[in-house]
Each structure stands twice: as C-alpha cells, then as structure tokens.
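In: I would like the atomic coordinates for the input below:
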Amino acid sequence: MRRNNFIDLSWGHGYTSRPLMAGGTGLSDANPERHGVQTGFVTARKICVWQLGIGFAGSLLWGLHDGVHAAVAGLFGGLIAVISTYYFALRAFAHGQNAAPERLLGNLMRAEVMKWGVTLALFMVAIVLFRDIFPPVISVYATCLLVYWFALGWTVTTSGSGTG
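Out: Predicted coordinates for the structure are as follows:
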C-alpha cells in the first residue's frame with residue numbers, strides 16, 4: 001500500500017516529509033500547540049478563566065455598592081457566562097479538531113444552539129431568584145462577554161514569528 005507524504009513547509013520545520021493524515025489536507029499541524037497556536041478548547045478554557053475573574057470582580061463591586069444580595073446576583077451573572085462558554089466548548093470540541101470539516105461545522109452549530117438554550121435557562125433561573133435586583137446579573141454577564149473581543153487576539157499565536 002502506497003503511503004501519501006507531503007513536504008511540510010510550516011514555520012520552524014524546514015523541509016521535512018511526514019504522512020498525510022486521512023481525510024485532511026495535511027496542511028494542519030497534528031500538534032499545533034508546539035508552535036504556540038492555541039486550539040479551540042484551550043482558548044475556550046482561557047476565556048472561562050477570564051470570565052470567572054471578571055465575574056468575581058463585578059460581584060465584589062456590586063457587593064461594595066449594594067450589599068451581599070447584589071454581590072450574589074452579580075456572581076450569578078458571571079457564572080451564566082462561564083457555564084454557557086464551557087458548555088459550548090465541551091460540545092463543539094468533543095471530537096477533537098481532526099474530525100471531518102462537515103462534522104466540525106455540525107458540532108459548532110449544535111453547540112451554539114444548545115449554548116443559547118443553556119443561557120436562556122440560566123437567565124430564567126436568575127429572573128426567579130433575583131427579580132428584585134436584576135441589574136447586577138445583566139451587567140456582570142455583559143461585562144464577561146467582552147472577553148470574546150480580547151480572545152480574538154489569542155487564537156493567532158502565543159509565540160513570536162522570529163521576525164521583528
């Protein structure tokens with residue numbers, strides 16, 4: 001049986017030959033983290049950590065301003081963001097990034113729809129629990145969503161290109 005190989009010209013490799021992965025183009029690195037490129041799940045985990053930190057900070061600010069009940073409401077708003085982000089990551093990247101593109105796209109679409117459902121359900125709980133003091137919930141949740149804008153820069157690389 002003939003083994004398909006290709007010449008790998010990606011950053012830091014030089015001219016090497018390695019087997020072409022089944023179902024893929026061979027252009028993606030089998031271990032992207034060795035060059036500092038972050039995979040989807042790693043980035044999602046980093047987003048969750050930042051959202052959790054923002055949730056705690058927002059909860060603290062609301063607690064100093066309006067008391068313990070507002071702090072708990074703010075923390076719940078932050079947890080809505082963290083739980084929905086982590087749920088999305090678990091569903092979207094469950095089969096790894098070596099799956100067929102159609103399967104990856106399907107996983108992403110199903111995960112996003114389910115994330116909306118989880119978010120809606122958690123907001124329904126928040127409305128019941130924090131009906132009298134809802135601004136902390138929504139403001140901390142919205143602030144946690146800002147992490148996505150910063151995450152756009154994390155997904156490129158975490159190491160320098162050597163030029164510059």
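
In: Please count neighbours and contacts with C-alpha atoms only from this point.
Out: OK.

In: Which stretches in this structure count as helices?
Out: 40-66, 68-92, 101-129, 135-145, 147-154 (DSSP state H).

In: list the contacts for the spatially most central residue of the chain?
Out: The chain has Ala44 as the residue nearest its centroid, 2.1 Å off, counting by CA atoms, centre = their mean. Applying CA atoms under 8 Å, 6 or more residues apart in numbering, one finds that Ala44 lies in contact with Thr85, Tyr86, Ala89.

In: picking that back up, any idea which of the helices of the chain is most buried?
Out: Per-stretch averages of neighbours, counted by mean count of other CA atoms under 10 Å, single out helix 68-92 among those, with a mean of 23.

In: just checking, what packs against it?
Out: Secondary-structure packing of helix 68-92 (3 or more CA pairs under 8 Å, 6 or more residues apart in numbering; DSSP states H and E): helix 40-66, helix 101-129, helix 135-145.

In: what angle sits between it and helix 101-129?
Out: 160 degrees (axes from the mean of the first three to the mean of the last three CA atoms, to 10 degrees).

In: now helix 68-92 against helix 135-145, angle please.
Out: Inter-element angle recorded for helix 68-92 and helix 135-145: 40 degrees (by the same axes, to 10 degrees).

In: State the separation between helix 68-92 and the centre of the chain it belongs to.
Out: Its chain's C-alpha centre and that of helix 68-92 lie 13 Å apart, by CA atoms, centre = their mean, to the nearest Å.
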